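Enquirer: Sequence and predicted structure, then a few things I'm wondering about:
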Amino acid sequence: MPELPEVETIRRGLALKVSGRRIVRAELRRPDLRRPFPPLLERRLTGARIGALARRGKYILLELDDDGILLLHLGMSGRITAGAANGEDARHDHVVLTLDDGTVVRFNDARRFGLLDYLRRGEEARHPLLAGMGPEPLEPGFDGPYLARALDGKMTSIKAALLDQRIVAGLGNIYVCEALYRAGLSPRRLAGTVAGTRAAKLAAAIRAVLHEAIEAGGSSLRDYVQADGELGYFQHRWAVYGREGEPCPGCTCAEGVRRIVQSGRSTFFCARRQR
DNA sequence: AACAAGACCTGCATGC
DNA sequence: TGCATGCAGGTCTTGT
């Protein structure tokens, strides 16, 4: 899935096509994704006018004119397309919205790790999926001192800590690997030892890699396209992710990028440049 | 309480 | 060709 840059890219692309439009038809083609759809979702969506689109971490919040909010998460393989047919296997088009200008919005998710929920405006802070989520890394306030405080005393690895959405919202496996590489920190380092200058450097690296990825339209993976079907291209700029055995940029060590498994997930790093 | 491991799903690449 | 295995952007639940 899409991590923060991909979700942000989708949010922007989708907003251009759906903001201000009315939903004339809502089809739920199965009863659930990762969890059951909320009750009456089909009825709540039908006839609603779509307002602004917001993002919190990896969630998209689609505001509706009846004071409702449609909450979307893409899981690992979720795609949202608006307009032409998405070229995907229609078996996995689980939710299809038709808008008043004829635009068709499809939520396609082969693995079904995604989710949809419905909440009332003002409930965001109390919603179980959103409450407790850490700060937005691109907002003011996400800096070295915050990160050092959040990591203080943590006995898990810095890799695992950064994947924890309560510490910082929106990072996933790719951008955690890339940020740790840029900050020169080993993914195996104890989270609690990241403080002071190290924390400041890490916070800056997280912000920089996310900014650059958003600029590039995200990273295109097997299951990801932007709302208009275009491909992002940040994957060409990955320094370590998916590059096992290759030299990292500007590094002369013979070993190259290593892959290890941490809490069941691949971590890519350079043992020489990351300590 | 904090942490690690397992579970949830499908599709694809690889190797025999 | 067919089959088994391992791997994939996430996070929720279970067990220690």
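Expert: Noted; the coordinates are in hand.
Enquirer: what ranges do the strands span in chain A?
Expert: A:23-28, A:50-56, A:59-64, A:68-73, A:78-82, A:93-99, A:104-109, A:115-120, A:258-262, A:265-269 (DSSP state E).
Enquirer: Looking at those strands, which is nearest to A:Leu202?
Expert: In terms of CB to CB, the element of the strands of chain A nearest to A:Leu202 is strand A:265-269, at 13.7 Å. To be clear about C-beta, it is placed using only N, CA and C from the backbone, and glycine gets the same treatment.
Enquirer: of all the strands of chain A, which gets the most neighbours per residue?
Expert: strand A:78-82 (a mean of 26; mean count of other CB atoms under 10 Å).
Enquirer: What parts of the stretch 101-250 of chain A come near DNA strand B?
Expert: Within the stretch 101-250 of chain A, the residues that sit near DNA strand B (CB under 7 Å from any atom of the strand) are A:Ala110, A:Arg111, A:Arg112, A:Phe113, A:Gly153, A:Lys154, A:Met155, A:Thr156, A:Ser157, A:Ala160, A:Ala191, A:Arg222.
Enquirer: biggest separation within these, which pair?
Expert: A:Ala110 and A:Gly153 (39.7 Å).
Enquirer: Comparing those two, which residue is more hemmed in?
Expert: The neighbour comparison of A:Ala110 against A:Gly153 (other CB atoms under 10 Å) goes to A:Ala110, with 18 against 8.
Enquirer: pLDDT wise, what is the more buried one at?
Expert: A:Ala110 carries a pLDDT value of 94.
Enquirer: Settle this for me: it is touching A:Gly75, isn't it.
Expert: No - A:Ala110 lies out of contact with A:Gly75 (CB atoms under 8 Å); the separation is 9.7 Å.
Enquirer: Out of the strands of chain A, the one nearest A:Thr197 is which?
Expert: Per CB to CB, nearest to A:Thr197 of the strands of chain A: strand A:265-269, 19.6 Å.
Enquirer: got the contact list for that closest one?
Expert: A:159, A:163, A:173, A:177, A:180-181, A:186-187, A:240-244, A:257-261 (CB atoms under 8 Å, 6 or more residues apart in numbering).
Enquirer: Show me the subset of these that also lies near DNA strand C.
Expert: Under the cut-off given by CB under 7 Å from any atom of the strand, DNA strand C has A:Leu163, A:Asn173 from the contacts of strand A:265-269 close to it.
Enquirer: ChimeraX command to pick out the buried ones of the contacts of strand A:265-269?
Expert: Listed next is the ChimeraX selection for buried residues among the contacts of strand A:265-269, using 16 or more other CB atoms under 10 Å:
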select /A:159,163,173,177,180,181,186,187,240,241,243,257,258
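Enquirer: Just the ones in helices from the contacts of strand A:265-269, please.
Expert: Within the contacts of strand A:265-269, residues falling in helices by DSSP state H are A:Lys159, A:Leu163, A:Asn173, A:Cys177, A:Leu180, A:Tyr181.
Enquirer: ok, so of these, who is nearest DNA strand C?
Expert: DNA strand C has its nearest neighbour among the ones in helices among the contacts of strand A:265-269 in A:Asn173, at 3.6 Å by CB to the nearest atom of the strand.
Enquirer: Now list the buried members of the residues of the stretch 101-250 of chain A next to DNA strand B.
Expert: A:Ala110, A:Arg112, A:Lys154, A:Ser157, A:Ala160, A:Ala191.
Enquirer: So what sits opposite A:Arg265 in the bridge?
Expert: Beta bridges link A:Arg265 to A:Gln262 when assigned by DSSP bridges.
Enquirer: Many thanks, I have nothing further to ask.
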